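Colleague: Based on what follows, work out the 3D shape:
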Amino acid sequence: MLQVDGLSVLLMLLLGHVLGDFFLQPDSWVKDKNVRQGRSRFLYYHALVHGVIVLLILACATTASLSASFLIGVIVALAHGIIDYAKIKIGRGFRWFLLDQFLHIVTLVFVWLYLYENAFSQLTMLADKVDYNHFFLITLAYVMMLKPASIVVGEILSKWSADLNTTGAITHDKKAESLTNAGQYLGYIERVLVLTFVLNGQYTAVGFVLAAKSIFRMGDLREAHDRKFTEYVMLGSLFSMSIALFTGFVIAKLLP
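Modeller: Numbers count the residues shown, from 1 in each chain. Have a look, this model is predicted:
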């Protein structure tokens, strides 16, 4: 039997969930579940996999008896199956995926809390080690890289955007060629990556992001054959990157 502490068991349970949900579930199972829903045998196979994983972890890494480990494994399997079935019935989408994963994790946390009387004290010890000033400062920076930064860039470019719409530089065909809100989410990812690299002092990686985006944009701008549109795109990109870089430098200076 492995000799591990309570937090290690929690991490093992979470690792087991990731393996069971993403690596031990073939795409064919997922497709069959989405089509046949509760009539799919793979829904029950998938739940059984999670139950077995929990059973093995508890039996090998905790002092729980085999019968208790088996009972908890059955409960986890049932809970996992019910949550997955509810998700399939409600519908697909990112928010439902997040809710599905959250409920699975909560189930495992409850199992862990049941197994260890000192679980809360271990969590308290971890919480005491967190520097909340730094945590909230960094969280604020990342949140600012999302919609707030997009709004700032949009406001800065608003007068040029109106000019492009008036002159027809941004045509209906150009808009139709783009995925819905794809540019907005690309901006989110770009700024989050740049902020992360700056906070970790990885300035070479920032250059990689700039180079990758330049290569991507070069094709668009070459096909556009429109000077105003080209300038508009370049301004938007540079303003977006500047916000991320400036925020990263400021936060890095504020952190010890």
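
Colleague: Give me the three-state assignment for Phe42.
Modeller: Classification of Phe42 using DSSP: H, G, I helix; E, B strand; the rest coil returns helix.

Colleague: From Met145, how far out is Val198?
Modeller: 11 Å (CB to CB, to the nearest Å). Any C-beta I mention is one placed from the backbone N, CA and C, and that applies to glycine too.

Colleague: who touches both of the two?
Modeller: Ala244 (CB atoms under 8 Å, 6 or more residues apart in numbering).

Colleague: which of these two has more neighbours?
Modeller: Between Val198 and Met145, Met145 has the larger neighbour count (other CB atoms under 10 Å), namely 25 against 22.

Colleague: so where's the stretch 101-250 of the chain shaky on pLDDT?
Modeller: 162-180, 215-227, 229 (pLDDT under 70).

Colleague: what about the closest residue in space to Asn118 that isn't next to it in sequence, distance to Tyr132?
Modeller: Leaving out its chain neighbours, the residue that sits closest to Asn118 by CB to CB, 6 or more residues apart in numbering is Gly6, at 6.8 Å. From Gly6 across to Tyr132, the span is 23 Å (CB to CB).

Colleague: Please identify which of the two sits among more neighbours.
Modeller: Neighbours per residue (other CB under 10 Å) separate Gly6 from Tyr132, with Gly6 holding more: 18 against 9.

Colleague: who touches stretch 38-46?
Modeller: Residues outside stretch 38-46 that contact it (CB under 8 Å, 6+ apart): Gly20, Gln25, Ser28, Trp29, Asp32, Lys33, Gln37, His80, Gly81, Asp84, Tyr85, Ile88.

Colleague: Repeat that for stretch 72-85.
Modeller: If you take CB under 8 Å, 6+ apart as the criterion, stretch 72-85 is touched by 33, 37-38, 43-44, 46-48, 50-52, 54-55, 58, 64, 100, 103-104, 107-108, 111, 114.

Colleague: Need the buried ones from these selected in PyMOL.
Modeller: Here is the PyMOL command that selects the buried residues among the contacts of stretch 72-85 (16 or more other CB atoms under 10 Å):
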select buried, resi 33+43+46+47+48+50+51+52+54+55+58+64+100+103+104+107+108+111
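
Colleague: Now the closest residue to Leu146 other than its chain neighbours: which helix or strand?
Modeller: Once flanking residues are discounted, Leu146 sits nearest to Tyr188: 5.3 Å by CB to CB, 6+ apart. According to DSSP states H and E, Tyr188 maps onto helix 182-199.

Colleague: same deal with Leu245?
Modeller: In the assignment (DSSP H and E), Leu245 maps to helix 227-254.

Colleague: list the helices and strands that helix packs on?
Modeller: Here helix 227-254 touches helix 132-144, helix 147-167, helix 182-199, helix 203-224, going by 3 or more CB pairs under 8 Å, 6 or more residues apart in numbering; DSSP states H and E.

Colleague: can you give me the angle it makes with helix 182-199?
Modeller: Per axes from the mean of the first three to the mean of the last three CA atoms, to 10 degrees, the angle that helix 227-254 makes with helix 182-199 is 30 degrees.

Colleague: And helix 227-254, how far out from the chain middle?
Modeller: 23 Å (CA atoms, centre = their mean, to the nearest Å).

Colleague: Start at 32, not 1
Modeller: Noted, 32 is the first residue going forward, which turns the last one into helix 258-285.

Colleague: Now do the buried residues in that helix.
Modeller: So for helix 258-285, counting by 16+ other CB under 10 Å, buried means 260-261, 263-264, 267-268, 270-272, 274-276, 278-279, 282.

Colleague: tell me the two of those that are most distant?
Modeller: Phe260 and Ile282 (33.6 Å; CB to CB).

Colleague: Which of the contacts of stretch 69-77 ranks first by neighbour count?
Modeller: Neighbour counts for the contacts of stretch 69-77, by other CB under 10 Å, peak at His111, which reaches 27 neighbours.

Colleague: Would you mind measuring from Tyr75 to His111?
Modeller: 10 Å.

Colleague: Kindly report the same for Gly238.
Modeller: Going from Gly238 to His111 by CB to CB gives 44 Å.

Colleague: Brilliant, that's me finished.
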